[in-house]
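Asks: Pasting a predicted model and its sequence here:
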Amino acid sequence: YLPAVALARVLAVAPEIMINLQMLLLLIYSLWLSTNLLTRADLLKTQNLLLLLAMVVGLLMLLPNGIFGQREHVLLLLLLPILSSLCLRICGQKPDLLQALMCGLMAGLAIAIKAHYVFALGFCVIAAVVLFRTWRMILSLELWIMGLTFAAYILAVFWIAPQFLSEILPILSLVYLPIRRPIDDLIFSVGIGTFCAAALLTLICSRGHRLAPPVIILLCASLGSTLPFFIQGKNWPNHIFPMVRFSLLALAFVATDTRIVQVWQRSLALIGVLLMWQPTSNWLKDVTGATELRQALQQMQPHPKMLYIGHILRYAHPLVRQLHGSYVGRVCYQWITFGAEQRKAETNPDTATLSKLDTLIEQDRQWLIADLRQHTPDVVLVQIAGFDWSKWIAESPELKSTLQGYKSRGTFDGVEIFQKLSVAQ
């Protein structure tokens, strides 16, 4: 996101505009490169291209909803060219040097964004080796470039941001990584159900015809994406995004394959995409506009200095940008405290771990107190819904005393607004 955000600052426009433009350009280039590779392999000559394009663009740019622009959305677009390159190699051809370079570079960036998804690519490479019947597939230039790109990223992290390894990673290992949903919640989730339904329907609608390489590769990518879903164990909408999207893309490819002469098969595939589109789209829509909260703040305080106490990321940003204000907290929400409290409630940690978690909670509270005293924000937002942060504030006499200079102005969208007394009067 940094290039888009930096450019937005230079141009004095909202970063959301540049992020959306960046995603649009990435989509155009990813589809152009993928199409070029598949065309060279004669894998699109039997497709209804206009319908396929409409479905692909819809699945990649409309269905994401609240997941639009998140890391999983970005990495999916980055992986499409190397998946197309594997299809080209399955057909006995090779990408040219520039194509191999871009495929490998984009795949390396995708794995750098989330290393878990090396499994998605790994399943595809295994399928390509089996189909091409030679292990030399794993020595392809684009895979080497991908590996070098990822290695360069790891070295850059050690060189540029060693604090991530020494400070942030230990915190994550305590308050984020151990928190998981029960395995039955994951198995019977919307994501796994949609993946299984789409994959099964793809096979049914292709019955009597040999699966095209893109369909095989997309199904393998979808299957491989289930592993990151179970590894992370959160059952969050963004975590199901790649496996659902890859499986629906495979089904869309079947729905537009003119080799399948039986109308009912292609029609069933098309209906399947449309039917799974809507419920999945609704489930992925994980955003709240907080319209009442925004309107209340606009009436109370123009261009406020703002600080948020809570566990929901979206209330700090982009809300503060929509108000043309400034955010004065060192963190945009209390992710450390919330994660620690979740782990204490759900994982039954031992005494030593409990002590570490309590230390992190107190550290988070002291950071908040320091920000309040140093920056004296005009408004402080306290999350009430979901987790009552007012009780967490009351547990600390020091934090409660620091907030005595603020007056409650009401609760909107589950968030209580506290305004500085000098401003409120």
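Replies: Sure, I can see it.
Asks: On the three-state scheme, the nearest residue to residue 347 once chain neighbours are set aside is what?
Replies: By the measure of C-beta to C-beta, 6 or more residues apart in numbering, the closest residue to residue 347 outside its immediate chain neighbours is residue 178, 5.7 Å from it. To be clear about C-beta, it is placed using only N, CA and C from the backbone, and glycine gets the same treatment. Assigned with DSSP: H, G, I helix; E, B strand; the rest coil, residue 178 falls in the coil class.
Asks: what do you get for residue 317?
Replies: Going by three-state DSSP: residue 317 is coil.
Asks: hmm, back to that, can you give me phi and psi for the residue nearest to residue 347?
Replies: phi -70, psi -10 (degrees, to the nearest 10).
Asks: Quick check: buried residues in stretch 199-207?
Replies: Buried residues in stretch 199-207, defined by neighbour count with 16 or more other C-beta atoms under 10 Å: 199, 201-202, 205-206.
Asks: So which of those residues is the closest to residue 321?
Replies: Nearest to residue 321 out of those is residue 199 (C-beta to C-beta; 40.5 Å).
Asks: for the closest one, what are its contacts?
Replies: 219, 222-223, 247, 250 (C-beta atoms under 8 Å, 6 or more residues apart in numbering).
Asks: so which of the residues you listed comes closest to residue 40?
Replies: Closest to residue 40, out of all of those and judged by C-beta to C-beta, is residue 250, at 20.5 Å.
Asks: host element of the closest one?
Replies: helix 237-255 (DSSP states H and E).
Asks: picking up where we left off before, ok, the residue nearest to residue 347 touching residue 343?
Replies: Yes - between residue 178 and residue 343 there is a contact under C-beta atoms under 8 Å: 5.8 Å.
Asks: which of those two has more neighbours?
Replies: residue 343 (21 against 16; other C-beta atoms under 10 Å).
Asks: show me the contacts for that one.
Replies: Applying C-beta under 8 Å, 6+ apart, the residues near residue 343 are 174-175, 178-179, 349, 353, 357.
Asks: Are any of those buried, and if so which?
Replies: So, by 16+ other C-beta under 10 Å, the buried ones in those are 174-175, 178-179, 349, 353, 357.
Asks: farthest pair in the residues you listed?
Replies: Going by C-beta to C-beta, the pair spanning those furthest: 179 and 353, at 12.8 Å.
Asks: pLDDT on the one helix or strand residue 159 maps to, on average?
Replies: Secondary structure assignment for residue 159, by DSSP H and E: helix 141-160. Across helix 141-160, the average pLDDT comes to 95.
Asks: residues making contact with it?
Replies: So helix 141-160 is contacted by 82, 85, 95, 97, 100-101, 103-105, 107-109, 111-112, 115, 121, 125, 164-165 (C-beta under 8 Å, 6+ apart).
Asks: Give the ChimeraX command for selecting the buried subset of these.
Replies: Restricted to buried positions by 16+ other C-beta under 10 Å, the ChimeraX selection for the contacts of helix 141-160 reads:
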select :82,85,95,100,103,104,105,107,108,109,111,112,121,125
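Asks: which residues of this protein score low on pLDDT?
Replies: 63-66, 261, 277-289, 423-425 (pLDDT under 70).
Asks: go again using 50 as the cut-off
Replies: Confidence mapping of the chain against pLDDT under 50 gives the ranges 283, 286, 288.
Asks: For it, which segments count as strands?
Replies: 305-309, 326-327, 379-383, 406-412, 415-420 (DSSP state E).
Asks: got the angle for the third one vs strand 406-412?
Replies: Right, strand 379-383. 50 degrees (axes from the mean of the first three to the mean of the last three C-alpha atoms, to 10 degrees).
Asks: which strands and helices sit next to strand 379-383?
Replies: Under the contact definition 3 or more C-beta pairs under 8 Å, 6 or more residues apart in numbering; DSSP states H and E, strand 379-383 sits against helix 291-300, strand 305-309, helix 389-394, strand 415-420.
Asks: pretty sure residue 94 contacts residue 86?
Replies: No - with contact defined as C-beta under 8 Å, residue 94 does not reach residue 86; the gap is 11.3 Å.
Asks: Which one's more surrounded, those two?
Replies: Ranked by neighbour count (other C-beta under 10 Å), residue 94 and residue 86 place residue 86 first, with 31 against 14.
Asks: Counting neighbours, what do you get for the residue nearest to that one when sequence neighbours are not counted?
Replies: Closest residue in space to residue 86, ignoring its immediate chain neighbours: residue 128 at 4.6 Å, by C-beta to C-beta, 6+ apart. With neighbours defined by other C-beta under 10 Å, the count for residue 128 comes to 24.
Asks: for residue 128, what are its contacts?
Replies: Counted by C-beta under 8 Å, 6+ apart, residue 128 has contacts 86, 89-90, 137, 217.
Asks: Ok, residue 392 next?
Replies: Residue 392 neighbours (C-beta under 8 Å, 6+ apart): 309, 337.
Asks: Please report how far it lies from residue 201.
Replies: 47 Å (C-beta to C-beta, to the nearest Å).
Asks: Surely residue 90 is in contact with residue 131?
Replies: Yes - Residue 90 lies in contact with residue 131 (C-beta under 8 Å); the separation is 5.0 Å.
Asks: So which of these two has more stuff around it?
Replies: Legend: neighbour count by other C-beta under 10 Å for residue 90 and residue 131, higher for residue 90 (22 against 18).
Asks: list the contacts for that one?
Replies: 41, 128, 131-132, 213, 217.
Asks: Closest one of those to residue 302?
Replies: residue 217 (53.2 Å).
Asks: How much space separates that closest one from residue 55?
Replies: Taken as C-beta to C-beta, the span from residue 217 to residue 55 is 17 Å.
Asks: Which one's more surrounded, the two?
Replies: Shown here are residue 217 and residue 55; by other C-beta under 10 Å, residue 217 has more neighbours (28 against 22).
Asks: okay, now residue 170: neighbour count?
Replies: 12.
Asks: my bad, should have said residue 153
Replies: For residue 153, using other C-beta under 10 Å, the count is 15.
Asks: correct me, but residue 382 touches residue 416?
Replies: Yes - between residue 382 and residue 416 there is a contact under C-beta under 8 Å: 4.7 Å.
Asks: what's the overlap in contacts for those two?
Replies: Counting by C-beta under 8 Å, 6+ apart, the residues touching both residue 382 and residue 416 are residue 390.
Asks: which residues touch residue 414?
Replies: Contacts of residue 414 by C-beta under 8 Å, 6+ apart are 383-386.
Asks: out of those residues, which is most surrounded?
Replies: residue 383 (23 neighbours).
Asks: thinking that one is in contact with residue 316, fair?
Replies: No - using C-beta under 8 Å, residue 383 is not in contact with residue 316; the gap is 10.4 Å.
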